[in-house]
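Engineer: how would this look folded up:
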Amino acid sequence: MNSLVRLAPFTSEEATRQWLIQLAKTAIAAVHPDSLLTAQLPEKPPGRTVVVGAGKAAAAMAHALELAWEKRASDAGEEVDLTGVVVTRYQHGAACRYIDVLEASHPMPDALGEQAAKRMLDEVKDLGEDDQVIALISGGGSALMTLPADGISLEDKQALNKALLRCGAPIREINTVRRHLSAIKGGRLATAAHPAQVVTLLISDVPGDVPSLIASGPTLPDNTTSLDALAILTRHEIEVPEHVKRHLMADHRAPQTWNQGFARDKSTILARARDALKAAQISAEESGLEVRVLGDDLEGEARDLGIAQGRMACKLQAEITRPLLVLSGGETSVTVRGNGRGGRNVEYLLGLFDTLKGCDGIYAIAIDTDGIDGSEDNAGALIGPECWQRAKALTLSAQDYLARNDAYSFFDALDNLVVTGPTRTNVNDFRAILILPNPS
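Structural biologist: Numbers count the residues shown, from 1 in each chain. I've put the predicted structure just below:
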């Protein structure tokens, strides 16, 4: 029997909270690498197999790959011929026997990420046509393997990264700029590995699931240009040093020419947001709920989405006769105006909370599936009607906390943060609104 059914949900505040947390865990489990790699294991090549990778799920992907590779070698009575290196976020590592696991900083890149990128390029150089590179790529990889292009410093990239994150730019724009200031992103890692075949296995954290956008596409063709990157910086009014601007102005590679060397390469998306939402939908329907999925690729300002979905939830409650679960995924953004703490999921939830104003019978959870919302120690938070009374008793003003981007502190004061620790996967935001029929 599904574990959600045994919880006898909605009989109390605590039972409802636990049901929502278990629902989120069900969604995360469906996109964890452990259950994904075996079915997509590439054939053993005549030559060497080298593994490279980057992202919050990279170490877990490497571990799952090793286990599957070991089993196949054992079944064939062969030795395990696997080497390589992956980089993941601090505290997201996994114990591997054949693949070295390095750790670096996210979301702000650091020198260890730069060293990891150099190590990957060293691993794939001098390979031949009979060799194979398996690239394990997941969200977060762009910041974790930072190797600036010639003439660009790590400090340049750190400053631009900070400015792009603070201005609320969507991830596809951030990664476009990153690609054109990098010596490894935008297909450059694959180019260094050619003529070996590159097989890229991905866990998608980008709305729309475009492979070349995940972790800035280190092993995939790039259809953007440096002029696109310049346009993004101009649109968001981000000042850049003259030497950075000159670098972008001088790089005029035509995508159709640059991408000709990728004919033998392959790529497969192992998991994406829709898979997590589907797992949650199935579990909720088994518990007797009606489920509506708003989409797995929602973007925009986090608080604005929370406000919009709060209004929607109030309207739906007046129409339903049995419990309704509303699911959505994607990746919102936050325009930073204050000096508070918090990521996009708690900012979304605070906008939702302020709109509901304690509306009876509506609960919600919002988390980042990697277990880290922004740069804090929580995955997200959850709310219910009782939170409104507790906030009033503590004289907490949701609008004041929103004004200074301090949603973390708001939900911390209410003891409503959700802390999972690193999940070692990443398909971005998971949001669930539970709407019970209006008692009146």
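
Engineer: so where's the stretch 201-350 of the chain shaky on pLDDT?
Structural biologist: By pLDDT under 70, the low-scoring segments of the stretch 201-350 of the chain are 251-260.

Engineer: ranges for the strands of it?
Structural biologist: Applying DSSP state E, counting those that start in this stretch to the stretch 201-350 of the chain gives strands spanning 266-271, 290-293, 324-330.

Engineer: which of those sits most buried?
Structural biologist: The highest average neighbour count among the strands of the stretch 201-350 of the chain, using mean count of other Cβ atoms under 10 Å, belongs to strand 324-330 at a mean of 22. In this view, the C-beta of every residue, glycine as well, is placed from N, C-alpha and C.

Engineer: Show me what it is packed against.
Structural biologist: With contacts taken as 3 or more Cβ pairs under 8 Å, 6 or more residues apart in numbering; DSSP states H and E, strand 324-330 sits against helix 273-286, strand 290-293, helix 302-317, strand 429-435.

Engineer: May I see those arranged in CSV, with distance to residue 222 as well?
Structural biologist: Shown next, in CSV, are these (distance: least, Cβ to Cβ, whole Å):
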stretch, distance to residue 222
helix 273-286, 23
strand 290-293, 31
helix 302-317, 28
strand 429-435, 26
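
Engineer: what's the most buried one of those?
Structural biologist: Highest mean neighbour count among the helices and strands packed on strand 324-330 (mean count of other Cβ under 10 Å): strand 429-435, with a mean of 26.

Engineer: Name the residues of stretch 333-351 that come out as buried.
Structural biologist: 333-334, 336, 340-351 (16 or more other Cβ atoms under 10 Å).

Engineer: wait, isn't residue 337 in contact with residue 406?
Structural biologist: No. Assessed by Cβ atoms under 8 Å, residue 337 is found out of contact with residue 406, at 10.8 Å.

Engineer: out of the buried residues of stretch 333-351, who's nearest residue 158?
Structural biologist: Nearest to residue 158, judged by Cβ to Cβ, of these is residue 336 at 16.1 Å.

Engineer: I'd like to know how far the closest one sits from residue 46.
Structural biologist: Per Cβ to Cβ, to the nearest Å, residue 336 is found 52 Å from residue 46.

Engineer: got it, and residue 390?
Structural biologist: Residue 390 is 65 Å from residue 46, where distance means Cβ to Cβ.

Engineer: repeat for residue 366
Structural biologist: Residue 366 is 49 Å from residue 46, by Cβ to Cβ.

Engineer: Neighbour count: the two, which is higher?
Structural biologist: Under the criterion of other Cβ atoms under 10 Å, the comparison of residue 366 against residue 46 puts residue 366 first, with 32 against 9.

Engineer: sec struct for that one, please.
Structural biologist: At residue 366, secondary structure determined by DSSP: H, G, I helix; E, B strand; the rest coil is strand.

Engineer: right, and it touches residue 348 too?
Structural biologist: Yes. Between residue 366 and residue 348 there is a contact at 5.3 Å, judged by Cβ under 8 Å.

Engineer: what sits in contact with each of the two?
Structural biologist: The contact sets of residue 366 and residue 348 overlap at 429, 431 (Cβ atoms under 8 Å, 6 or more residues apart in numbering).

Engineer: can you pull the contacts of the closest residue to residue 210 other than its chain neighbours?
Structural biologist: Excluding the flanking residues, the one nearest residue 210 by Cβ to Cβ, 6 or more residues apart in numbering is residue 172, at 7.8 Å. Going by Cβ under 8 Å, 6+ apart, residue 172 touches 206-207, 210, 213.

Engineer: For PyMOL, write the selection for the buried entries among these.
Structural biologist: The buried residues among those can be selected in PyMOL (16+ other Cβ under 10 Å) with this line:
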select buried, resi 206+207+213
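
Engineer: picking up where we left off before, how about CSV for the strands of the stretch 201-350 of the chain, with distance to residue 35 added?
Structural biologist: Listed next are the strands of the stretch 201-350 of the chain as CSV, based on distance: least, Cβ to Cβ, whole Å:
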stretch, distance to residue 35
strand 266-271, 9
strand 290-293, 21
strand 324-330, 19
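
Engineer: closest one to residue 397 among those strands?
Structural biologist: Nearest to residue 397, of all the strands of the stretch 201-350 of the chain, is strand 324-330, at 26.4 Å by Cβ to Cβ.

Engineer: which residues are contacting that closest one?
Structural biologist: 207, 273-274, 276-277, 280-281, 284, 289-299, 309, 312-313, 316, 427-435.

Engineer: ok, and the closest non-adjacent residue to residue 250?
Structural biologist: residue 226 (7.9 Å).

Engineer: you'd agree that neighbour is up against residue 249?
Structural biologist: Yes. Using Cβ under 8 Å, residue 226 is in contact with residue 249, at 7.3 Å.

Engineer: Could you pull up the residues touching the closest residue to residue 244 other than its chain neighbours?
Structural biologist: Nearest non-adjacent residue to residue 244, counting by Cβ to Cβ, 6+ apart: residue 156, 5.7 Å away. Counting by Cβ under 8 Å, 6+ apart, residue 156 touches 148, 181, 241, 244.

Engineer: For those, work out which two are farthest apart.
Structural biologist: Farthest-apart pair in the contacts of residue 156 is 148 and 241; separation 12.5 Å (Cβ to Cβ).

Engineer: Same drill for those two, tell me which one is more crowded.
Structural biologist: Taking neighbours as other Cβ under 10 Å, residue 148 and residue 241 compare with residue 148 leading, 21 against 14.

Engineer: Could you count how many residues lie near the nearest residue to that one once chain neighbours are set aside?
Structural biologist: Nearest residue to residue 148 in three dimensions, chain neighbours excluded: residue 157, at 5.4 Å (Cβ to Cβ, 6+ apart). Neighbours of residue 157 under the rule other Cβ under 10 Å: 24.
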